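*Asks:* return a 3D structure for these sequence lines:
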Amino acid sequence: MKKLFFVFLIIFLSCSQNDKRSNSSEVEKDSGEKQKADSVSAGTFQKSEIDSAQNISKTNDYFNRIFNEGRLIQSDFSIMLSVGDSLFSEDTEKKMFYFIVFTKALNGTDGAYSEKYGIVAYEFVTTKTEIFCDNFLNSSGLTDADLENWAKIVCGEILIQYENHVERNIDILEARMKQNIKTSEKDKLDIINKFTHKMRVCYEGVKSL
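*Replies:* Next comes the predicted model:
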């Protein structure tokens, strides 16, 4: 567990440092993105997403709190892990909400939960690529910073699984994700390209340590 903690701590810190270096010419733009990400709340989302959150909050207040506050909230270990489990819900009315909750829970994730979150995030982008892209295209409350957090957590999982072959396995993941969508769906291809680029930037930050 200690090893996992340090792996994900290095991932999140080094990626943040590398992002600052690689985007030094776009300070104002990055600052605007950060302010946007930091201010995410229920008011940022579309009405349908808010309605879904209000309905689900009747049975799961913990998920609703993450949705509203835009970050992981400490609770019982099993409850916190259930955020990852919910990502694969087949409930058509709730699965977008669960995706948003998981995404926001990546804000504040530490080593204790990153192992589970990394596993489910990697599986999701690999097997639910279209849904992943659709969610980032269609949810008004998901930001570039959220996509970056997905890139960090998946990069961390690849680093654990393929320590000596990270770059190759990022390439393999990118190819597999692109195989899962139609070549004519340019918007989704753009999301995948952006996502895997962030993973590569993240890994460059790790290598520089």
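
*Asks:* from here on, contacts and neighbour counts on C-alpha atoms
*Replies:* OK.

*Asks:* now do the contacts for the residue positioned nearest the centre of the chain.
*Replies:* The centroid of the chain falls nearest to W150 when counting by C-alpha atoms, centre = their mean (2.4 Å). With contacts taken as C-alpha atoms under 8 Å, 6 or more residues apart in numbering, W150 has the following neighbours: T103, L106, A121, F195.

*Asks:* can you give me the helices in this structure?
*Replies:* For the chain, the helices defined by DSSP state H cover 2-22, 27-38, 47-56, 61-69, 77-85, 95-105, 111-127, 129-138, 144-161, 166-179, 186-207.

*Asks:* mind putting the ones you listed in CSV, mean pLDDT included?
*Replies:* Formatted as CSV, those follow (pLDDT from 0 to 100):
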stretch, mean pLDDT
helix 2-22, 47
helix 27-38, 40
helix 47-56, 57
helix 61-69, 92
helix 77-85, 91
helix 95-105, 94
helix 111-127, 90
helix 129-138, 96
helix 144-161, 95
helix 166-179, 97
helix 186-207, 95
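
*Asks:* quick one: neighbours of the nearest residue to G108 once chain neighbours are set aside, just the number.
*Replies:* Counting by C-alpha to C-alpha, 6 or more residues apart in numbering, G108 lies nearest to L72, which is 5.4 Å off, once chain neighbours are set aside. Neighbour count of L72, defined by other C-alpha atoms under 10 Å: 23.

*Asks:* also F102?
*Replies:* There are 27 residues near F102, going by other C-alpha under 10 Å.

*Asks:* can you tell me how far the residue lying closest to it once chain neighbours are set aside is from K116?
*Replies:* In this structure, F102 finds its nearest non-sequential neighbour in V83, 5.8 Å apart by C-alpha to C-alpha, 6+ apart. Taking C-alpha to C-alpha, to the nearest Å as the measure, V83 falls 10 Å from K116.

*Asks:* who's more crowded, these two?
*Replies:* V83 (22 against 17).

*Asks:* contacting residues around that one?
*Replies:* V83 touches F63, Y98, V101, F102, A105, counting by C-alpha under 8 Å, 6+ apart.

*Asks:* hmm, the second one is touching D91, no?
*Replies:* No - because the distance of 9.7 Å does not satisfy C-alpha atoms under 8 Å, Y98 is recorded as not touching D91.

*Asks:* and those two? Which one has more around it.
*Replies:* Legend: neighbour count by other C-alpha under 10 Å for Y98 and D91, higher for Y98 (25 against 10).

*Asks:* from K207, how far out is that one?
*Replies:* 33 Å.

*Asks:* now do F132
*Replies:* In this structure, F132 and K207 are 28 Å apart, going by C-alpha to C-alpha.

*Asks:* between the two, which has more neighbouring residues?
*Replies:* It is F132, of F132 and K207, that has more neighbours when counted by other C-alpha under 10 Å, with 20 against 8.

*Asks:* surely that one touches V125?
*Replies:* Yes - assessed by C-alpha under 8 Å, F132 is found in contact with V125 at 6.3 Å.
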